[in-house]
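Coordinates only, no sequence provided:
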């Protein structure tokens, strides 16, 4: 075998020593450069902090893929929470566009400096009670789904679970039950139409409502009427005025839920006859749409800006999503998921979860046992943290989390704390 050249062979060891010293010096410079770059990246754009995603099941993945919901005028008009907050601070703005509108609430109900920190409770999910039991001390208002309209009789009926009521009473938290037209998992607009257009039925509903509020010593009521069949907003506004007037005469408070970008509501008129309006800023994409984020930051900002053209910011409570949807692609099957269910499903299917820095929502895809492709979108504590910061800087009355039992538990590390820039 012929002799092979020895690249580093030398009689003297000095050359080898010089090589090792140069190699170590270059390695040191490389590590130093990496450290400087990491510090620079960390300090970039720190106007709006994001909480870290500590759960290892979530992986932050950056992608160049542009989703269809970003290809719209909304992308051009709204640049996200960070820019919106920074702009308000730069201009010294203390609220929404409509600060000159008279605030009729003057409510002593919530005097906390943090404002309203509410959460919805449901009796049909055991996890909702467990979350309530664990986190009730971090709320100043609970909104339980307890009052309903019976479409067969157009009357009010209740579904109050005794153990949750006992827990709420023991804690001293304010309680404002929902009055809903949801019956057997379907909103019944026809029943509401019959009540609104019949003076006898309408007054009976209000009288029964006041009787129940007195019986249980509740703070008031939160009305959630959806899928309305009214040809105009006049009937619902007239109803609101009667309810508001009679409840206030009996020292009760009145909230009303409104859906973003919905012509069923006359925001300006409703604001006159409600202590607060809850903007349900979720279900941007839902069971009757294609897959997409539950509540992207640009969509929330657009919805709020559209509403506060007519309502003073301090009368708006921002509803926040704490759940997800699982769309089975190529079919119309959609399943509602809790945060924990979404994570467990991703782990089981080895899916990579993407926390989208544009929407502040999470999503992933997976194949089920039948080899059908699914797409999942959901929210987590980081989503809620950034929404809460936005609501605080917007000078809203507060927030309401939908719902207890389906949230990312990490939200309770900050939900009860001040979210001002100073804090």
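Structure received. Remember, it's a predicted structure, so these values are computed and weren't measured experimentally.

Okay, helices next: where are they in the stretch 51-200 of the chain?
Defined through DSSP state H, counting those that start in this stretch, the helices belonging to the stretch 51-200 of the chain, from first to last, are 73-77, 81-91, 126-135, 162-171, 189-196, 199-216.

Look at residue 277 and tell me its secondary structure.
strand (DSSP: H, G, I helix; E, B strand; the rest coil).

Quick check: it touching residue 268?
No - with contacts counted by Cβ atoms under 8 Å, residue 277 stays clear of residue 268, the gap being 10.7 Å. C-betas here are computed from N, CA, C, even on glycine.

Any chance you could list residues touching both of the two?
Here residue 277 and residue 268 have residue 311 as joint contacts, going by Cβ atoms under 8 Å, 6 or more residues apart in numbering.

Give me the more crowded residue out of the two.
residue 277 (21 against 15; other Cβ atoms under 10 Å).

Turn the helices of the stretch 51-200 of the chain into TSV, columns for mean pLDDT and mean neighbour count.
Rendered in TSV, the data for those read as follows (pLDDT from 0 to 100; neighbours: other Cβ atoms under 10 Å):
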stretch	mean pLDDT	mean neighbour count
helix 73-77	64	11
helix 81-91	63	15
helix 126-135	98	17
helix 162-171	98	14
helix 189-196	97	19
helix 199-216	98	15
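
Make a markdown table from those helices and add distance to residue 405 to it.
Converted to a markdown table, those look like this (distance: least, Cβ to Cβ, whole Å):
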| stretch | distance to residue 405 |
| --- | --- |
| helix 73-77 | 31 |
| helix 81-91 | 26 |
| helix 126-135 | 3 |
| helix 162-171 | 11 |
| helix 189-196 | 27 |
| helix 199-216 | 22 |
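
Of these, which is nearest residue 337?
Ranking the helices of the stretch 51-200 of the chain by distance to residue 337, with Cβ to Cβ as the measure, places helix 126-135 first at 12.1 Å.

got the angle between the closest one and helix 162-171?
Helix 126-135 and helix 162-171 are oriented at 10 degrees to each other (axes from the mean of the first three to the mean of the last three Cα atoms, to 10 degrees).

Let me know the pLDDT of the residue lying closest to residue 171 once chain neighbours are set aside.
Spatial nearest neighbour of residue 171, chain neighbours left out: residue 136 (4.8 Å); criterion: Cβ to Cβ, 6 or more residues apart in numbering. Confidence per residue is given as pLDDT, and for residue 136 that number is 98.

what sits against residue 136?
Residues in contact with residue 136, defined by Cβ under 8 Å, 6+ apart, are 142, 167, 168, 171, 173.

The helices of the stretch 51-200 of the chain: which one's closest to residue 423?
Once those are compared by Cβ to Cβ, helix 81-91 is nearest, at 13.7 Å.

and residue 125, how many residues sit next to it?
Around residue 125 there are 15 other residues, counting by other Cβ under 10 Å.

Would you mind measuring from it to residue 402?
Between residue 125 and residue 402 the computed distance is 12 Å (Cβ to Cβ, to the nearest Å).

Also residue 176?
14 Å.

same check, this time on residue 323
Taken as Cβ to Cβ, the spacing of residue 323 relative to residue 402 amounts to 7 Å.

now swap in residue 378 and tell me
Looking at residue 378 against residue 402, where the rule is Cβ to Cβ, the gap reads 13 Å.

which SSE is the residue minimising distance to the centre of the chain in?
To find the centre residue of the chain, average its C-alpha atoms and take the closest one (Cα atoms, centre = their mean): that gives residue 320, at 1.9 Å. Residue 320 is part of strand 316-321, with elements assigned from DSSP states H and E.

thinking again about what came up before, among residue 378 and residue 402, which residue is more densely surrounded?
Taking other Cβ under 10 Å, residue 378 and residue 402 do not tie; residue 378 has more neighbours (29 against 22).

Which residues does the more buried one form beta bridges with?
Beta-bridge partners for residue 378, by DSSP bridges, are residue 324, residue 362.

Surely it touches residue 360?
No - applying Cβ under 8 Å, one finds residue 378 not in contact with residue 360, separated by 11.6 Å.

helix, strand or coil for residue 264?
Assigned with three-state DSSP, residue 264 falls in the coil class.

Would you check how far apart the residue nearest to the centre of the chain and residue 334 are?
Using Cβ to Cβ, which is the criterion applied here, residue 320 is 21 Å from residue 334.

Same check on residue 188?
21 Å.

Same drill for these two, tell me which one is more crowded.
In this view residue 188 and residue 334 are compared by other Cβ under 10 Å, and residue 188 has more residues nearby, 23 against 17.

Identify the residues contacting the more buried one.
149, 151, 181, 182, 227.

Likewise for residue 408?
322, 339, 379, 380, 381, 384.

Look up phi and psi at residue 373.
The phi and psi torsions at residue 373 (degrees, to the nearest 10) take the values phi -80, psi 130.

do the same with residue 122
The phi/psi pair for residue 122 (degrees, to the nearest 10) reads phi -120, psi 140.

leaving aside the residues next to it on the chain, what's closest to residue 163?
Counting by Cβ to Cβ, 6+ apart, residue 163 lies nearest to residue 129, which is 6.9 Å off, once chain neighbours are set aside.

from memory that neighbour sits against residue 166, does it?
No - Residue 129 sits out of contact with residue 166 when judged by Cβ under 8 Å, with a separation of 11.0 Å.

hang on, the earlier thing: which residues are in contact with each of residue 378 and residue 402?
Taking Cβ under 8 Å, 6+ apart as the contact criterion, the residues that touch both residue 378 and residue 402 are residue 323.

ok, and for the helix or strand containing residue 244, which residues are buried?
Secondary structure assignment for residue 244, by DSSP H and E: helix 234-249. In terms of neighbour count (16 or more other Cβ atoms under 10 Å), helix 234-249 has its buried residues at 235, 236, 237, 239, 240, 243, 244, 246, 247.
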